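Undergrad: model this:
(one chain, ligands or ions: 1)
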Amino acid sequence: MIFTGKELRWRNVENLKYKTIDLATERDVRNFEKIKTNSKYRPKFHITPPHGLLNDPNGFCYYNHQYHLFYQWFPFDTFHGMKHWMHLTSSDLIHWQEHGAKITPTEGYESHGAYSGAAIVEDDQAYLFYTGNIKLESDRDANQCLALLSSDNSVTKYAGNPVIQSVPEGYTGHVRDPKVLKDGGRYFMLLGAQRKADMKGCIIVYKSFDLTKWEFQGELNIEINAPFQSAYMFECPDLLKVDGQDVLIFSPQGVEPQEFRFHNKFNVVYCLGAVDFDNLSFKVEHWDELDRGFDFYAPQTLANSPDKPTLIAWAGTDEELPSMDYGWIHCLTLPRSLSVKQQRLHQYPEKLFEKVLAVQSESLQLNGEQSIHLDSLSFALNLELEQGGCNFEVALVNENNRSVNLVVNDNHISLFRTNYEHHAEDWCFGSTRELETDYDINTISLICDESIIEIYINDGRDVFTCLFFPQDVEHRLHISSTDNTKLNINLQYLTK
Ligand code: FRU
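TA: Numbers count the residues shown, from 1 in each chain. Got it, this is the predicted structure:
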């Protein structure tokens, strides 16, 4: 059966779209409770919404001795409706406590949703910037807003909201997703935007000395002629220093597919180089797609990190997924530590390895082929290649021979999720992702968590994020090689 999801929706779309959580009825609350108790497809270590829809991570910061994370949340259904900010805290970036909606769009300046934004921590106060989304008859407008997170975990909207009303001259209503940073005693706000002149995407910049009064500066000139410059909109800009280099991250929409890049509906780009706020420029030394898989969008980095720079993203942009049957849709990726090595941005889920996978279990050697029965679908598979051949396949196979396959032939990596039926509707974006590396492959870590797989090549020099929704839980790993590729295989289950 091809999954469509529509017949399974439990609510009427029209009445609900702009409902806020404070208006939830007893019946809604009973439905929420029912959804929360079903664990089908729920990852153990990836954040999912208790009910409804999750999208971008927001307000990610370290403040008052805890990690704080918010996400875009529509509580009532699995389509994109009125966006709230759900709040979570953690002491280790792995185990999270959920606190409910902390920004509920009840004011006129955010009449159609509290859209994405980021945090900055200054003088014992966390400032949360977000976009008040306004839908007009046939158009839209955007206000930039501020809310304050206090040490008792309460969030209060700034009385002087919005801090920026509407959009600057020359830009459409698509101006959103503030990221605020400090540079030489001044604060800069980056916003994703769309020019009126050519309807192309860009990043615009505002400046402030006190975080409440903002002055428009102009566009950030990303100094390179690259395919992403053709996007019709840039969403979710981010900028941080990693190992002494400036890293600019954004989510361009509408970029044409290249050979092995930009095959998703929306994709994410990072640029390594140097930012110059006085001249509003970013000089690019290297750029690439941030993730090479199917499901990765709108990442955000951790503000005020006590140790490594860290990133987390929304795993996917699909409109319909089988988890909708169970009243929720979407998850976030694992938090990934960032580093720059050999002029490439690396991402690696270090905290998962430190906190959950610290005990090393026994390793197997690949001898032609290995078939391993899986006790659960939450596991980490580490493969270490010995010198010599590099031709092998890892298949995650269920009883009906449906599988996700990772095929490595020297420097060519292919990831297939061809025969999972729910991806039928995505086929215009293809069911294979490929990558040709310009380095030798030494290690692969594949983390599977019920309905999401993250694959880290060479400690995260390249990463593939991939959702899959197996109907049955019985699975095995089939690892095989046609030549004498020597692999050390280590499998560990993820247990809470
Ligand atoms: C990215 C995005 C943002 C916007 C938010 C709305 O996925 O479209 O640009 O603020 O989602 O939920």
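
Undergrad: rest of the way, CA atoms for contacts and neighbours
TA: OK.

Undergrad: bridge partners for the closest residue to the ligand within the stretch 151-300 of the chain, pull those for me.
TA: With distances taken as C-alpha to the nearest ligand atom, the stretch 151-300 of the chain approaches the ligand most closely at residue 235, which sits 4.7 Å away. With beta bridges defined as DSSP bridges, residue 235 has these partners: residue 251.

Undergrad: does it really touch residue 190, like I thought?
TA: No: taking C-alpha atoms under 8 Å as the definition, residue 235 is not a contact partner of residue 190, at 10.3 Å.

Undergrad: more neighbours: these two, which one.
TA: Legend: neighbour count by other C-alpha atoms under 10 Å for residue 235 and residue 190, higher for residue 235 (28 against 23).

Undergrad: where do the helices of the stretch 201-350 of the chain begin and end?
TA: 350-355 (DSSP state H, counting those that start in this stretch).

Undergrad: what residues does this protein have near the ligand?
TA: Proximity of the chain to the ligand, by C-alpha under 6 Å from any ligand atom, involves residues 56, 72, 83, 115, 116, 176, 177, 235, 236, 298.

Undergrad: how close does the third one sit to residue 434?
TA: Relative to residue 434, residue 83 is positioned 34 Å away (criterion: C-alpha to C-alpha, to the nearest Å).

Undergrad: quick one: which of those two has more around it?
TA: Between residue 83 and residue 434, counted using other C-alpha under 10 Å, residue 83 has the larger neighbour count: 31 against 20.

Undergrad: spatially, what comes nearest to the residue nearest the centre of the chain if we skip its sequence neighbours?
TA: Compute the mean C-alpha point of the chain, and by C-alpha atoms, centre = their mean the closest residue is residue 313, 1.5 Å away. Using C-alpha to C-alpha, 6 or more residues apart in numbering and skipping the chain neighbours, the partner closest in space to residue 313 is residue 299 (3.8 Å).

Undergrad: on that earlier part again, need the residues touching each of residue 235 and residue 190.
TA: residue 177 (C-alpha atoms under 8 Å, 6 or more residues apart in numbering).

Undergrad: who touches the residue lying closest to residue 175 once chain neighbours are set aside in this structure?
TA: Here the nearest residue to residue 175 in space, its sequence neighbours aside, is residue 193; by C-alpha to C-alpha, 6+ apart that works out to 4.3 Å. The neighbours of residue 193, taking C-alpha under 8 Å, 6+ apart as the test, are 171, 172, 174, 175, 176, 201, 202, 203, 204, 233, 234, 235.

Undergrad: any stretches of the stretch 301-450 of the chain with poor pLDDT?
TA: For the stretch 301-450 of the chain, residues meeting the criterion pLDDT under 70 lie at 358-362, 419-428.

Undergrad: all strands of it, in order?
TA: Per DSSP state E, counting those that start in this stretch, the stretch 301-450 of the chain carries strands over the ranges 310-314, 328-329, 336-341, 344-348, 363-365, 369-374, 378-385, 391-398, 403-409, 412-416, 432-436, 443-449.
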